[in-house]
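Asks: got a predicted structure plus its sequence, pasted below:
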Amino acid sequence: MKTMLRCIAGAWLAASILTATAGEPWQNALSRMPLGASVKELDRTNCVPLMLDAFQSNSVVKALIFMPGATDEFYFFRRAHATLTNANPSLLDAVAALTNQTYIQATFQPPLLLLHTTEDSLDVIAVVKNESTSSKLHQRLLPGRVLLNDADWGAARSALKGKLSVGLRPFENAPETWHFYRHNFAASGVTDWEMLETLALAGKTTFTVNWLTTNFQPDRRAGAPPKLENFPLL
């Protein structure tokens, strides 16, 4: 009996510790970030900059990333449009509106929140050729906040110059960068490694970690486009 009680007490303690360390849901964090009282709808003219500007530093979600499939819904297909009904909408309201009224989906891969479609690959391909550099990238916190809206590779390299502990390759205007997607994300409190992942997810690229440099290449994987017959076009 005593053994059983000790087992029950141990299980309760373990559950309590798990609950205490799990942290709050990402939805709670976004619900405290105001989008703007006058915002009634989201479309290709305002959605991406509004949501990136609304993203604030917090302990749960370290980056909000619009992946290429999501931005294509606005700028290429021009079919993404969502209505907001709250008088004072939050960033969470905006995410909910997009996922309920468009083909855009939201996936939280702690600490990164991805806005994407079925066309996007959510796992980052990273090759480590220098373990020492990789270890430092995982441990070092990137200073400050980084916000990129419709930024090409050259603008991304410029924004991160002096912030990352590694140099970014290729250089601006290299032929391989012509296949990179434009970057749309806001990040704060990420590690250097998480910033590299953010760049890869936003630009549809892969990367290789070398000594003091990280080289990005186009991600050639092709995802399945949204099934249009399963969702009414707006």
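Replies: All right, it came through fine.

Asks: Glu24: neighbour count?
Replies: Neighbour count of Glu24, defined by other Cβ atoms under 10 Å: 10. For the C-beta atoms, the positions are set from N, CA and C on the backbone; glycine is no exception.

Asks: what sits against it?
Replies: Contacts for Glu24 were tallied using Cβ atoms under 8 Å, 6 or more residues apart in numbering; they are Val60.

Asks: just His116 next, same as before
Replies: When contacts are counted by Cβ under 8 Å, 6+ apart, His116 touches 67, 69-70, 104-107, 122.

Asks: ok, now Phe108?
Replies: By Cβ under 8 Å, 6+ apart, Phe108 lies in contact with 26, 61, 114.

Asks: again, only this time at 7 Å
Replies: Trp26 (Cβ atoms under 7 Å, 6 or more residues apart in numbering).

Asks: what about it, which SS state?
Replies: strand (DSSP: H, G, I helix; E, B strand; the rest coil).

Asks: just the pLDDT for it.
Replies: Note for Phe108: predicted pLDDT of 98.

Asks: any idea how far it is from Ala54?
Replies: 17 Å (Cβ to Cβ, to the nearest Å).

Asks: buried members of the contacts of His116 into ChimeraX, please.
Replies: Buried members of those, defined by 16 or more other Cβ atoms under 10 Å, are picked up in ChimeraX with:
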select :67,69,70,104,105,106
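
Asks: which of the contacts of His116 fall in strands?
Replies: Judged by DSSP state E, the contacts of His116 include 105-107 as members of strands.

Asks: show me the two of the contacts of His116 that sit farthest apart.
Replies: Ile104 and Leu122 (13.4 Å; Cβ to Cβ).

Asks: can you name the residues bridging to the residue nearest to Asn184 when sequence neighbours are not counted?
Replies: In space, and not counting its chain neighbours, Asn184 is closest to Phe66: 3.9 Å by Cβ to Cβ, 6 or more residues apart in numbering. Beta-bridge partners for Phe66, by DSSP bridges, are Leu115.

Asks: what lies in contact with stretch 168-188?
Replies: Residues outside stretch 168-188 that contact it (Cβ under 7 Å, 6+ apart): 48, 52, 55, 57, 62-66, 68, 71, 145-154, 156-157, 160, 195, 198-199, 202-205, 213-218.

Asks: now it: mean pLDDT?
Replies: Mean per-residue pLDDT for stretch 168-188: 96.

Asks: buried set for it?
Replies: For stretch 168-188, burial by neighbour count (16+ other Cβ under 10 Å) applies to 168-169, 177, 180-188.

Asks: what about the contacts of stretch 168-188, which are in helices?
Replies: In helices, judged by DSSP state H, the following of the contacts of stretch 168-188 are found: 48, 52, 68, 71, 153-154, 156-157, 160, 195, 198-199, 202-203.

Asks: bridged to Ala106, which residues?
Replies: Beta bridges link Ala106 to Leu115, judged by DSSP bridges.

Asks: and it, what is it in contact with?
Replies: Neighbours of Ala106 in contact, by Cβ under 7 Å, 6+ apart: 95, 99, 113, 115.

Asks: so the third one touches Trp26, yeah?
Replies: In this case it means Leu113. Yes. At 6.1 Å, Leu113 counts as touching Trp26 under the criterion of Cβ atoms under 7 Å.
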